[in-house]
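# Here is a sequence with its predicted model. Questions after.
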Amino acid sequence: MTVSEYVPTRVAHDGGMRELVVLGTASQVPTRERNHNGYLLRWDGEGFLFDPGEGTQRQMTLAGVSATDVTRLCITHFHGDHCLGVPGVVQRLSLDQVDHAVRAHFPAAGGEFFARLRHASVFHDVAEVIAEPVTGDGVVATGPFGTLSASTLDHSVATYGYRLVEPDGRRMLPELLAAHGIAGPDVGRLIGAGSIEVGDRVVGVDEVSETRRGQRFAFVMDTRLCDAVYALADGADLLVIEATYLDVDADLAAANAHLTAGQAARVAAECGVRRLVLTHFSQRYDDLMAFAREAAAHFGGETVIARDLTRVPVPSRR
Ligand SMILES: [Zn+2]
């Protein structure tokens, strides 16, 4: 296994970038090193802001994320470390006169909390925030980004994990194109039409390409281990998952409906995850390398022990 640390950078993002910007990594109580939760997933032109805890607006500034970058809010549940940043973010959308709508997904059972956060204090409210509460497991939204779905997790209050799946595409194979004598603008025509005439025969796109699996991202926050954790994480290129505790405190994790680093790493291993991001650490731990060591015992892939203001690329397609 490898433990990676991605250093803070200010990368100009273009339409094709896919990366996680870690805004905060603390559960319950922020520390000197760790802000409350907050994660922006840049996914082409979209910016999914997951679980903005207290202080997220300022963390965005420090991370080089603008209010305009946010296109969706995805809230797993309404404990404060996952949502107290909503008022600041919403008011900033207004202040900056962000000219696109921001859709907000959250457990429908917490609708009253969202309503309060959305209108927490007086401001010149011009932001277009469209509440789209999640009422059950299944598809939450579809678009050019793919399919966003939600699954019920096992926490002390209504909680959903999220999963983003890009549709499968096709990868053209140059050697097969060459073998069929297809080159230049004909490649574009073949992709557009699905087939092309070459001499006296028709070549289908399937004959000169292979399936390119769409990328998958999963976001699993506060929960005990349950089937939904595995369903969300299945085959994820990038899995962001809470590891509030270490295995030594597994009884606390169970009592408080959380995961340990060991549990999270075993999920990643079983689900064939490519890059694992552990976060949502309890304030009781100072040495986060212990999380890396515990994860390494179970997961052979790349593990990132999340730090505030770092960026984690979605692993490149294969
Ligand atoms: Zn939490």
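Alright, I've got the coordinates.

# For the spatially closest residue to residue 136 that is not a sequence neighbour, give its distance to the ion.
Nearest non-adjacent residue to residue 136, counting by C-beta to C-beta, 6 or more residues apart in numbering: residue 152, 7.7 Å away. Quick note: C-beta positions are derived from backbone N, CA and C, even for glycine. Distance, residue 152 to the ion, using C-beta to the ion, to the nearest Å: 16 Å.

# Identify the bridge partners of residue 152.
Beta-bridge pairing of residue 152 under DSSP bridges involves residue 160.

# just checking, it touches residue 162?
No. With contact defined as C-beta atoms under 8 Å, residue 152 does not reach residue 162; the gap is 11.5 Å.

# Settle it for me: which of the two has more neighbours?
Each of residue 152 and residue 162 has its neighbours counted (other C-beta atoms under 10 Å); residue 162 has more, 26 against 17.

# Now do the SS call for that one.
Taken by DSSP: H, G, I helix; E, B strand; the rest coil, the conformation at residue 162 corresponds to strand.

# tell me the SS of the spatially closest residue to it that is not a sequence neighbour?
Counting by C-beta to C-beta, 6+ apart, residue 219 is the residue found nearest to residue 162 once chain neighbours are left out, at 4.6 Å. Under three-state DSSP, residue 219 falls in the strand class.

# neighbours around residue 116, how many?
13.

# Show the contacting residues for the residue nearest to residue 162.
By C-beta atoms under 8 Å, 6 or more residues apart in numbering, residue 219 lies in contact with 39, 41, 50, 74, 76, 161-163, 232, 240-241.

# Please tell me how far it sits from residue 279.
As for residue 219, its distance to residue 279 is 10 Å (criterion: C-beta to C-beta, to the nearest Å).

# Those residues of the stretch 151-300 of the chain touching the ion, which are they?
residue 222 (C-beta under 5 Å from the ion).

# residue of the stretch 151-300 of the chain with the smallest distance to the ion?
Among the residues of the stretch 151-300 of the chain, residue 222 lies closest to the ion, at 4.5 Å counting by C-beta to the ion.
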